[in-house]
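[1] Compute the structure for the input listed below.
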Amino acid sequence: VNAAVSGYHATVLAYGQTGSGKTFTMEGFKYMAPGPGNSMSSTKNKPMPAADFSTPEDRLGVIPRAVSCLFDSVGADTSRRFNIRCSFVQIYKEQAYDLLNPTSIVMAGGAESQRRNAKPGQVAAGALRMRWSKTEDFYLENLFKVECGSAEEVMNAFKHGVQNKMMASHRLNAASSRSHCLFTLYIDSSPMGSPNEVISSRLSLVDLAGSERGSSTGATEGRLRDESVAINKSLFTLRQVITCLTTSQAHADAAATAQAAGGPAPPPGFSHIPYRDSKLTQLLKNSLGGNSLTMMIACLAPVDTFYEENLSTLDYASRTKRITNQVAVNEDPKTKLIRELRAEVAFLRHQLAVLQGTQPGVAAMMMQGSGPGPGSGTKSGIPQAPRAGGSRGGPPGSRLGSGPGSGSGNGLLPGGGGGDEGGDE
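    Numbering: from 1, shown residues only. Model (predicted):
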């Protein structure tokens, strides 16, 4: 959370088989059979579990705690101005739905036939289209991002989305998530005195649907079977991405070791990462192999019957741990350029101060100028830095005195002439 406030992307995702406690870990809410007055209580006359939001504070999960911690950190930083928005997406049967947008919610029984008959690659009714751009990578078109000024407003939006997500009951789990849910907090910040220097980051909190075996869950026909197939397919693609990334990382490490030892290069690893094979991996691309700080919570079922499932969960958690992300602060390009130029100006001023303190004679010569050329003039007793190529307003960071007629006038800077013609006025 603190890294997200500082401008880094961050992701927390819960992974494991169905019934292992992923949703409880992320939310902390207790689910119960819904009342008859709940409009979201049934899908084709089958009751859906409903969340009890009266959960004690000490039993809340990762998402409510992260929201509270986020606003505590934001409130403690008085040097920056913050703007926080949130979105809530569920991926159900490989279709992305906005849980905060009433027109996109997967309503009970609504447009079910259209969703069921949607062909691969076709967008079902109410679903969001996946787009790609050079600046944003994969993103969902027309996704609602609700601006929130307090932790209470964020939690109200989150609870509203929880009421709208798809749930079901089967043998292993009385309140099973039938979709992958991604709750994202967008954090934009800028210094109090410079509102245009914006740093943007995301905190993604992901509750993955659990892998299922039809023989264990009893989901061998109907809607539950179709949902299990879609869940297992997207999780299989996620595992493929994790495997490819770890294999590529291992190959890169082996190649670096072989090069250092002068030995032959190892066989090439995977050159293609199948992010596009699933909407889940498209939205998690930045978290797996991108520039995000990522933490996976491996949830295990404390039953000997699920030994193989627990072993598989630990195997992929161990693989995920070996993925290396290139973490960086997400600055606007203009903001980054301004920061680098300011750092360079501060460095040059420090060098000048050191030179004035250690070599008084040289400092005096720099202050007065050693040549009559027009480029050696001073203003208010401060030597004017010559511009490259004699141009006005040359970019800071260009090589000083490198062009003809730069007019440094002291011969101390690289390429400095004697202050002859062609200098700046």
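[2] Name the residues of the helix or strand where residue 312 lies that are buried.
    Using DSSP states H and E, residue 312 falls within helix 307-321. Neighbour-count burial for helix 307-321 flags 309, 310, 313, 316, 317, 319, 320 (criterion: 16 or more other Cβ atoms under 10 Å). Every C-beta, even on glycine, is put in place using the N, C-alpha and C of the backbone.
[3] ok, and what's touching it?
    If you take Cβ atoms under 8 Å, 6 or more residues apart in numbering as the criterion, helix 307-321 is touched by 15-17, 20, 211, 239, 242-243, 246, 288, 294, 296, 298-301.
[4] Which ones among the residues you listed lie within helices?
    Within these, residues falling in helices by DSSP state H are 239, 242, 243, 246.
[5] Can you flag the buried ones in those?
    239, 242, 246.
[6] Using CSV, lay out those together with distance to residue 125 and pLDDT.
    Converted to CSV, these look like this (distance: Cβ to Cβ, whole Å; pLDDT from 0 to 100):
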residue, distance to residue 125, pLDDT
239, 30, 92
242, 32, 93
246, 38, 90
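[7] Just the closest of those residues to residue 344, please.
    Nearest to residue 344 out of those is residue 246 (Cβ to Cβ; 39.3 Å).
[8] I'd assumed residue 324 was in contact with the closest one.
    No. Between residue 246 and residue 324 there is no contact under Cβ atoms under 8 Å: 9.6 Å.
[9] Go through the ones in helices among the contacts of helix 307-321 and say which is closest to residue 87.
    Scanning these for proximity to residue 87, where the rule is Cβ to Cβ, the winner is residue 242, at 24.6 Å.
[10] Please tell me how far the closest one sits from residue 177.
    20 Å (Cβ to Cβ, to the nearest Å).
[11] Also residue 58?
    23 Å.
[12] And the buried residues of helix 307-321, which is closest to residue 253?
    residue 319 (14.2 Å).
[13] picking up where we left off before, higher neighbour count, residue 58 and residue 177?
    Between residue 58 and residue 177, counted using other Cβ atoms under 10 Å, the more crowded position is residue 177 (26 against 6).
[14] show me what contacts the more buried one?
    Listed by Cβ under 8 Å, 6+ apart, the contact set of residue 177 reads 22, 23, 165, 166, 167, 207, 209, 210.
[15] Is it bridged to anything, and to what?
    residue 167 (DSSP bridges).
[16] And the pLDDT for it?
    As predicted, residue 177 sits at a pLDDT of 74.
[17] give me phi/psi at residue 60?
    The phi and psi torsions at residue 60 (degrees, to the nearest 10) take the values phi -70, psi 160.
[18] Distance-wise, check it relative to residue 229.
    To residue 229, residue 60 is 33 Å away according to Cβ to Cβ.
[19] which ones are touching residue 142?
    If you count contacts by Cβ under 8 Å, 6+ apart, then residue 142 has 98, 101, 128, 129 around it.
[20] rerun that using 10 Å as the cut-off
    Taking Cβ atoms under 10 Å, 6 or more residues apart in numbering as the contact definition, residue 142 lies against 98, 101, 103, 104, 128, 129, 131.
[21] which pair in these spans the largest distance?
    Using Cβ to Cβ, the two most remote members of the contacts of residue 142 are 103 and 131, lying 18.3 Å apart.
[22] Between the two, which has more neighbouring residues?
    Using other Cβ under 10 Å, the more surrounded residue of residue 103 and residue 131 is residue 131, with 13 against 10.
[23] For that one, what is the enclosing helix or strand?
    strand 130-133.
[24] next one: residue 25
    helix 22-26.
[25] So which bits of whatever helix or strand comes next after that helix are buried?
    Next helix or strand after helix 22-26 toward the C-terminus (DSSP H and E): strand 30-32. By neighbour count on 16+ other Cβ under 10 Å, the buried set for strand 30-32 is residue 31.
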